[in-house]
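>>> predicted coordinates and the sequence they were generated for:
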Amino acid sequence: MAAEACDQLRKGLSDEQKARISKYVTEFSNGNSSVQNNLALGVLDEVKGAVCYSGQLLRAKIANTGEVVVVSLGAGTFVGDQPVSILQWTNYVDETSIATALANLKIIYSDFAEANGKSP
């Protein structure tokens, strides 16, 4: 199941999905915050059948903060037949931000896998 989920993530978000995400963020924040741009990074790494790491870069306007760029990464897996996603948001600082965030997420997933009797 994890491999199939990873294959779906490789396809990226459609323009319709991106517009819907932006709309929901704007509505949720009463127009005070918005997603201004979204760049799907796709699948960043995968352990076949165990975990799929994917990500995106988001540029957003946040009320009382201003414009921010964040790295949003996820580790998708299954516990039994239930999908589980571990999400991590990190400020984009420079070209090392994505690699650093991915390394951190892999550590978090490894701890999760160990606690749940899964091999990372």
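Received the coordinates, thanks. Numbering: from 1, shown residues only.
>>> what's the offset of the lengthiest helix in the chain from the middle of its chain?
In the chain, with assignment by DSSP state H, the single longest helix is helix 97-115. Distance of helix 97-115 from the chain centroid (CA atoms, centre = their mean, to the nearest Å) equals 12 Å.
>>> in it, what counts as buried?
Ser97, Ile98, Ala101, Leu102, Leu105, Lys106, Tyr109, Phe112, Ala113 (16 or more other CB atoms under 10 Å). No exception for glycine: its C-beta is placed from N, CA and C like everyone else's.
>>> before we move on, what about stretch 66-86?
So, applying 16+ other CB under 10 Å, buried residues of stretch 66-86: Val70, Val71, Ser72, Leu73, Gly74, Ala75, Gly76, Thr77, Ile86.
>>> those strands in the protein, which residues are they?
34-47, 51-62, 66-79, 82-91 (DSSP state E).
>>> would you turn those into TSV with mean pLDDT and distance to Ser22?
As requested, those are exported to TSV (pLDDT from 0 to 100; distance: least, CB to CB, whole Å):
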stretch	mean pLDDT	distance to Ser22
strand 34-47	86	4
strand 51-62	90	9
strand 66-79	91	14
strand 82-91	91	17
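>>> how about CSV for these, with distance to Lys23 added?
Shown next, in CSV, are those (distance: least, CB to CB, whole Å):
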stretch, distance to Lys23
strand 34-47, 9
strand 51-62, 13
strand 66-79, 18
strand 82-91, 20
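>>> rewinding a little: which one of the buried residues of helix 97-115 is nearest Glu16?
When these are compared for distance to Glu16 (CB to CB), Ile98 wins out at 25.5 Å.
>>> report the beta-bridge partner residues of the closest residue to that closest one other than its chain neighbours.
Setting aside the residues directly before and after it, Ile98 is nearest to Val71 in space (CB to CB, 6 or more residues apart in numbering), at 5.5 Å. Beta bridges link Val71 to Leu57, Thr90, judged by DSSP bridges.
>>> can you check Lys61 too?
Ser34, Glu67.
>>> tell me which residues touch it, please.
By CB atoms under 8 Å, 6 or more residues apart in numbering, the residues touching Lys61 are Ser33, Ser34, Gln36, Glu67.
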